[in-house]
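# I need the structure of the sequence given here:
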Amino acid sequence: MTKSNAPVTVVIPMFNSAATIERALNSAAAQSSPPQEVIVVDDGSIDTGASIVERWSKSNISVHLIKHPGNLGPSASRNTAWAHATQKYIAFLDADDAWHPEKLRIQTQLMERDPTIGLIGHEYDIGEDTRWDDLSTRAFTLSTFSLSHFLLKNRLSTPTVMLRQELPHRFATDQRFAEDYRLWMEIVSEFGSVSFINLPLTRLFKSPYGGSGLSGNLRSMYVGELHTFSSLRKKGIIQRPIMIVCMLWSTIKYCRRRLRTLIAGK
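Take a look at the predicted model:
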């Protein structure tokens, strides 16, 4: 490793991801400011993903593999890696996604300049292309999202997020959908807002709702959102009237999405 490495721990939860994990690892290693370490948590996989990680090697970063004895879910996997992280910042990457080579450099520089930023995200795109646009001369803007923005909808996809390792918050392990949404709002309630880079620095190779079983995922996301608002109410982050309004809005969104999937024949 060199002094140019960013003070970042990359966290990758993995479950039966043998077909994609190498692409994710390569995108971390290809960063213009590579991370100091990558922690992959194998969450009870039954494929060859763990052996791929064990064989994979790049001289510019350290890669650590942690194995769960069973499938505990992405929240538990991310929390496990977070507990073992040694670096100042945490960046989340899913095993089937990839990053733009400038992602860590841009996010780290912004967080280093402003210690009031607890969490920062950015745009993403969806596709199959593994090539990236040159951003060396491209200007970008920053937006901020407050809790009120998040109550309307989740503003962040997990593989776009970088946060400070020292934060006391963690992913909820009592739900497997919208658990990231819940964490972001808990952090926003402390910092007042989060920063957002208006550049697509992550590529998702599937729909955010999943390429199969779309209707089932929509319902699970909807139930997860209801759990999230209930949790925020119990923690005193929002009041009961706000919780009720948010739940009604989630129900409206869910019905609209279901209607769209039925029309599309999915």
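# C-alpha only now, for contacts and for neighbours.
Noted.
# ok, and the closest non-adjacent residue to residue 80?
Computed as C-alpha to C-alpha, 6 or more residues apart in numbering, the closest residue to residue 80 that is not its neighbour in sequence is residue 41, at 7.5 Å.
# any weak-confidence spans in the stretch 1-150 of the chain?
Applying pLDDT under 70 to the stretch 1-150 of the chain flags residues 1-3.
# where do the strands sit along it?
6-14, 35-43, 62-68, 89-92, 97-99, 119-126, 142-146 (DSSP state E, counting those that start in this stretch).
# ok, back up a step: hang on, isn't the residue nearest to residue 80 packed against residue 75?
No: applying C-alpha atoms under 8 Å, one finds residue 41 not in contact with residue 75, separated by 10.9 Å.
# more crowded one of the two?
Neighbour totals were compared for residue 41 and residue 75, and residue 41 leads with 25 against 19 (other C-alpha atoms under 10 Å).
# so what sits opposite that one in the bridge?
residue 13, residue 66 (DSSP bridges).
# packing partners of the longest helix along the chain?
Longest helix of the chain, by residue count under DSSP state H: helix 240-264. If contacts are counted by 3 or more C-alpha pairs under 8 Å, 6 or more residues apart in numbering; DSSP states H and E, helix 240-264 sits against helix 147-152, helix 214-234.
# residue 182 is nearest to which of those helices?
helix 214-234 (5.3 Å; C-alpha to C-alpha).
# count the residues that sit near residue 117.
Number of residues near residue 117 (other C-alpha under 10 Å) recorded here: 17.
# sorry, slip of the keys, the one I care about is residue 130.
When neighbours are counted by other C-alpha under 10 Å, residue 130 comes out with 12.
# equivalent analysis for the one 5 residues further on, please.
Number of residues near residue 135 (other C-alpha under 10 Å) recorded here: 13.
# contact partners for it?
residue 102 (C-alpha atoms under 8 Å, 6 or more residues apart in numbering).
# what separation is there between it and residue 33?
In this view, residue 135 and residue 33 are 14 Å apart by C-alpha to C-alpha, to the nearest Å.
# repeat for residue 87
14 Å.
# mind checking which of those two has more residues around it?
residue 33 (23 against 18).
# circling back to that earlier point, do you know which of the strands of the stretch 1-150 of the chain lies nearest residue 23?
strand 97-99 (6.9 Å).
# other SSEs contacting the closest one?
Strand 97-99 sits against helix 21-29, strand 193-204, with contacts defined as 3+ C-alpha pairs under 8 Å, 6+ apart.
# sorry, back to before: can you tell me which of the helices and strands packed on helix 240-264 is most buried?
Compared across those, helix 214-234 shows the largest average neighbour count, a mean of 19 (mean count of other C-alpha atoms under 10 Å).
# ok, and what's touching that helix?
Contact with helix 214-234 is made by 175-179, 181-182, 186, 209-210, 238-240, 243, 246-247, 250-251, 254, 257-258, 261, 266, as judged by C-alpha under 8 Å, 6+ apart.
# could you redo the last one with a cut-off of 7 Å?
Residues from elsewhere that reach helix 214-234 (C-alpha atoms under 7 Å, 6 or more residues apart in numbering): 175, 177-178, 182, 209, 238-240, 243, 247, 250, 254, 258.
# check stretch 103-111 too.
Counting by C-alpha under 7 Å, 6+ apart, 31-33, 117, 201 sit against stretch 103-111.
# between the residues you listed, which sits nearest residue 7?
Using C-alpha to C-alpha, those come closest to residue 7 at residue 33, 9.3 Å.
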